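**Student:** take a look and give me a structure for this.
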Amino acid sequence: MMLAITLNDGVLFMESLELKIFREVAKAGSISKAAENMNYVQSNITAHIKKLEKELNSILFVRHNKGITLTSEGEKLLFYANSILDLIDEATYEFQQEKSDLHIGATQTLAAYRLPYWLSLYKKQFPDVAVSVITDNQDKLIELLCCQTLDCAFVEKKYISKQLHSLFSFNEELCIIAPPQSDEQRLKTLPIITNKIRTCPYRSILLEWVASQNPSTPQIIEFDTVDAIIRSVSLGMGISLLPYSTIEDKEDIFILKTPNIKSININLVVFGNQQSKNTYDFLKVIKNTIVSE
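**Tutor:** Residues are numbered from 1 along each chain as shown. Okay, here's the model as predicted:
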């Protein structure tokens, strides 16, 4: 989309894509990081920034060893860029064809804990929209998204390709969970309790952590549901790894947060730029919830 902005000495033509790239670079604090987030090559990002700086006859960023920082002119443009892009999103929203349903894809863990709260808030605002949630592994969710069975899906950042567009992301803090009165030494001897999905990120991270702590392979116990995993851990059957959000209110679980286990980045994605009105509304509910937490 081309924007025409009237200045004292003429008309400045600016593309909305340039503003999106500029905003992402400002947010990431790094051209390489912005390129990674937007699935662009770094040279493409750099070219758009240089074009924008030439059009505005201003330096928007100061380059340094740790990345880049906005100049005062850059801060000024960021204010306008946010306003302009928000207006474009609202215009897109108004012209989206009305739909009466919303199909969301999620992993079992997210569907069991975070998603119900977000959907309860969404349904209060949009009671006439029929909502369905499909839980599966992330490869299957992307397949369903690409064939338009889903309107949107939650997947890890590493699963995002050029076919997918990320609308929003958040970091999910992970922790080791163990039976009550456990200590770090006991964790090394207990069985592993996890799900049956071999590509599950929680399973993979847990196995890697256990391997770093214990050269011998412990017994693995598999369950189909998150609730079953948590219950089994509380009964002393073994250890597991889950997002902290799933067990923060559990009193019968020993929780171990370790710097060796990093958080994972979860993205709400759509296929291409096919963002429906209902997806847009759902996105606003999530953003408001995250901000208020």
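
**Student:** give me the buried positions along stretch 53-60.
**Tutor:** Judged by neighbour count using 16 or more other Cβ atoms under 10 Å, the buried positions of stretch 53-60 are 53, 56, 60. C-beta here means a position set from N, CA and C on the backbone, and glycine is covered the same way.

**Student:** run through the chain and note the low-pLDDT ranges.
**Tutor:** Applying pLDDT under 70 to the chain flags residues 1-14, 92-99, 291-293.

**Student:** roughly how far is stretch 78-88 from the heart of the chain?
**Tutor:** The chain centre lies 22 Å from the centre of stretch 78-88; the measure is Cα atoms, centre = their mean, to the nearest Å.

**Student:** can I get the CA coordinates of it in CSV?
**Tutor:** The C-alpha coordinates for stretch 78-88 follow below in CSV (Å, rounded to 0.1, in the frame of the first residue of the first chain):
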residue,chain,number,x,y,z
LEU,A,78,7.9,5.6,15.1
PHE,A,79,5.0,7.5,16.7
TYR,A,80,3.5,8.2,13.3
ALA,A,81,4.3,4.8,12.0
ASN,A,82,2.3,3.1,14.9
SER,A,83,-0.6,5.4,14.2
ILE,A,84,-0.6,4.8,10.5
LEU,A,85,-0.2,1.1,10.7
ASP,A,86,-3.0,0.9,13.3
LEU,A,87,-5.3,2.8,10.9
ILE,A,88,-4.4,0.4,8.1
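
**Student:** now the buried residues of stretch 53-60 in a markdown table, with distance to residue 42 and secondary structure?
**Tutor:** As requested, the buried residues of stretch 53-60 are exported to a markdown table (distance: Cβ to Cβ, whole Å; DSSP: H, G, I helix; E, B strand; the rest coil):
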| residue | distance to residue 42 | secondary structure |
| --- | --- | --- |
| 53 | 16 | helix |
| 56 | 21 | helix |
| 60 | 17 | coil |
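
**Student:** so after the helix or strand where residue 193 lies, what's the next helix or strand?
**Tutor:** Using DSSP states H and E, residue 193 maps to strand 192-194. The first helix or strand that comes after strand 192-194 along the chain, using DSSP H and E, is helix 201-213.

**Student:** partners of the helix or strand that that following helix is followed by, with directions?
**Tutor:** Going down the chain from helix 201-213, the next helix or strand is strand 220-222, by DSSP H and E. Its sheet considered, strand 220-222 pairs with strand 192-194 (parallel) by DSSP bridges.

**Student:** any idea how far the partner strand is from the chain center?
**Tutor:** The answer for strand 192-194 is 25 Å, by Cα atoms, centre = their mean.

**Student:** offset the numbering so it begins at 26, please.
**Tutor:** All set: I'll call the first residue 26, so the last point we hit is now strand 217-219.

**Student:** what sits against residue 156?
**Tutor:** If you count contacts by Cβ atoms under 8 Å, 6 or more residues apart in numbering, residue 156 has them with 126-127, 129, 144, 147-148.

**Student:** between these, which sits nearest residue 293?
**Tutor:** Nearest to residue 293 among the contacts of residue 156 is residue 129, at 8.8 Å by Cβ to Cβ.

**Student:** Provide a list of residues in contact with that closest one.
**Tutor:** By Cβ under 8 Å, 6+ apart, residue 129 lies in contact with 140, 156-159, 175-179, 307.

**Student:** secondary structure and distance to residue 192 added to these, as CSV?
**Tutor:** Converted to CSV, those look like this (DSSP: H, G, I helix; E, B strand; the rest coil; distance: Cβ to Cβ, whole Å):
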residue, secondary structure, distance to residue 192
140, helix, 15
156, strand, 17
157, strand, 19
158, strand, 17
159, strand, 18
175, coil, 13
176, coil, 11
177, strand, 7
178, strand, 11
179, strand, 10
307, helix, 9
